[in-house]
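Participant: Sequence plus predicted model, see below.
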Amino acid sequence: MLRTSELIQIYQCFCDETRLRILNALTRGPLCVCHLQELLGESQVKVSKHLGYLREKGLAEVERHQNWMIYSLPKRRSAELEANLRCLQDCVQSHSIFKDDLRRLRAMRKKTCWLDEVCDCGDKPKAKR
């Protein structure tokens, strides 16, 4: 059973637009910091800060591959996290910033497809290529 403190951690992560955008992108598969920077149009410092926060709260995992830090959603997720990620997916369909992110991510797919071959972190991308 999930403790109240763990549920609060999930909601703390979901209360920031940048973290929501990162989580939404990671539902499609693992990404490195540089790809998230490009996708979000944010600085490396800002993206890394938010990724660190997500890792600290248990909503993201990281794996090193050569010079890249590759982030993904946790392999083992609580039912509450799964439910909130599904809710996020339902909500983003009506918000242009999230739809724009996913459109850019599909366009970036050629740059990120190498992650499928080298990374055993998280789920494989669910979006159509």
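Facilitator: That came in fine, so what should we check first? Residues are numbered from 1 along each chain as shown.

Participant: quick one: residue 97 and residue 25, what's the gap?
Facilitator: From residue 97 over to residue 25 the distance is 12 Å, taken as Cβ to Cβ, to the nearest Å. All C-beta atoms are positioned from the backbone trio N, CA, C, and that covers glycine.

Participant: ugh, typo on my part, it should be residue 51
Facilitator: 11 Å.

Participant: Please apply the same query to residue 91.
Facilitator: Counting by Cβ to Cβ, the gap from residue 91 to residue 25 is 15 Å.

Participant: These two: who's more crowded?
Facilitator: residue 25 (23 against 12; other Cβ atoms under 10 Å).

Participant: Name the SS class of that one, please.
Facilitator: Using DSSP: H, G, I helix; E, B strand; the rest coil, the three-state assignment for residue 25 comes out as helix.

Participant: quick one, helices of this protein?
Facilitator: 4-14, 17-26, 33-40, 44-56, 79-92, 96-112, 114-118 (DSSP state H).

Participant: Show me what the fourth one is packed up against.
Facilitator: Using 3 or more Cβ pairs under 8 Å, 6 or more residues apart in numbering; DSSP states H and E as the contact definition, the elements that helix 44-56 packs against are helix 17-26, helix 33-40, strand 61-65, strand 68-72.
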